[in-house]
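>>> Sequence plus predicted model, see below.
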Amino acid sequence: MSLAFEVSRRSSLRRQATENNSGHVHAHCISLLPTRASSSTTPPSPTVKASRPRRPKPIPNSYWATPYLVACEFPYCPLTPAQMAQKQTKQKLDALLLAGVRTFIDLTEPHELFPYSPHLTERCALVGIDPREVEYHNFPIRDRSLPDSVDLVRRIMDVLRDNESRGRITAVHCRGGIGRTGLIVGCWLVECGIAKDGDDALRMIAEEWKTVEKCKRYPLSPETGPQHEYVRTFERAAWIDEKHEVL
C-alpha cells in the first residue's frame, strides 16, 4: 500500500489529542490577505482498499507522504520572455494549488532562489482559488545541512499538526525536494504516529522516493548521512504520548 494510506487507528487517536491541544506556534507565516477564510478543500479520505492505485502526483518530482502532506521540489521559476511570448505560463505552483494544497512550507534560505510568496495571490487568481485560503511559512534550513535547532523542527511540526487538524493539505519543499524535505517528512511521519520510529519513516520515504522522476540521479532521500541520522533518532513530542496515554 502507498505510504499516503498507511494510516491506522493511531491517526484517529492523534486527531482527538490534537483537538484538545491549543498551543500551536505559527512562525514565519505570511497570510496573503488580511483575513483568512476557512479552507473549502475537501481532504481525501484515508480509508481505502489495499488495491487502490497510487494517488496522482501534482508534479513529477513529488510524492504524497500522507493524505494531507505532499513533498516536492521548489515549485516556482520566473518566466523568460520567450515563455511569455509563447504563452507558456504554467507553474508547478499552479499544479499544487489545483491538487488541493493550501499551505506551503518553504525550507529554503532567503535569496537562495527566486521567492514565490509575492506571486501566490496572482497564481491563486489564475487557477480560481480564493487567496485567503492559502498560507505560506518559511523555515530556512541550509542546503545539505541539519536544522539549526530542535525548536525550528518543533515549530514546523506544529504547523503540520494544525493543518492536518483542519483538514488542510500542505506542501513541504526545499530546493530539490530531496535532503531538507526528506528530513522534515521523516520527522513528521514519526511525530504523527504513521511511522513507529525513525527507521520506519526512512523505509517509507525510500519506497515513495522510488516513484519520483529524479530518483535515478539522486537515489537517496534524505540526501546526506547526518540527515538520515537526524530522522533515525528523532522522537515525537512528549506531550503527544501523554495525551495518548490519557485516551
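Arrived safely, thanks for sending.
>>> how about Asp200, secondary structure?
helix (DSSP: H, G, I helix; E, B strand; the rest coil).
>>> cool, and the one 5 residues further on?
Classification of Ile205 by three-state DSSP places it in helix.
>>> for it, what are its contacts?
Leu3, Ala65, Gly182, Val185, Gly186, Leu189, Ser221, Pro222 (C-beta atoms under 8 Å, 6 or more residues apart in numbering). Glycine gets a C-beta too; all of them are placed from N, C-alpha and C.
>>> quick one: what helix or strand has Met84 in it?
Met84 is part of helix 81-85, with elements assigned from DSSP states H and E.
>>> Can you list the buried residues in the following helix or strand past that helix?
As assigned by DSSP H and E, the chain's next helix or strand after helix 81-85 is helix 92-98. Using 16 or more other C-beta atoms under 10 Å as the burial criterion, the residues of helix 92-98 that qualify are Lys92, Leu93, Asp94, Ala95, Leu96, Leu97.
>>> Could you export these as TSV, including distance to Ala201 and pLDDT?
Formatted as TSV, the buried residues of helix 92-98 follow (distance: C-beta to C-beta, whole Å; pLDDT from 0 to 100):
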residue	distance to Ala201	pLDDT
Lys92	25	97
Leu93	27	97
Asp94	30	97
Ala95	26	98
Leu96	23	98
Leu97	27	98
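>>> Just give me the closest of those residues to Val159.
Leu96 (16.4 Å; C-beta to C-beta).
>>> separation between that closest one and Trp64?
Distance of Leu96 to Trp64, computed by C-beta to C-beta, to the nearest Å: 12 Å.
>>> got it, and Ser221?
14 Å.
>>> And Glu133, by the same measure?
20 Å.
>>> quick one, which of the two is more surrounded?
Taking neighbours as other C-beta atoms under 10 Å, Glu133 and Trp64 compare with Trp64 leading, 23 against 19.
>>> so the more buried one sits in a strand?
Yes. Counting by three-state DSSP, Trp64 falls inside a strand.
>>> who's it bridged to?
Beta bridges link Trp64 to Val70 when assigned by DSSP bridges.
>>> Return the distance of it relative to Val212.
11 Å.
>>> okay, and the common contacts of Leu96 and Trp64?
Listed contacts common to Leu96 and Trp64 are Val70; contacts here mean C-beta under 8 Å, 6+ apart.
>>> ok, how many other residues are close to Gln88?
The number of residues packed near Gln88 is 10, by other C-beta under 10 Å.
>>> Let me know whether it touches Leu79 as I believe.
Yes. Using C-beta atoms under 8 Å, Gln88 is in contact with Leu79, at 7.5 Å.
>>> buried set for the longest helix anywhere in the chain?
Ranked by residue count under DSSP state H, the longest helix found in the chain is helix 150-165. Within helix 150-165, the residues that count as buried by 16+ other C-beta under 10 Å are 152-153, 155-165.
>>> What helices and strands are in contact with it?
Secondary-structure packing of helix 150-165 (3 or more C-beta pairs under 8 Å, 6 or more residues apart in numbering; DSSP states H and E): helix 9-19, strand 101-106, strand 135-138, strand 169-173, helix 179-191.
>>> This completes my enquiry, with thanks.
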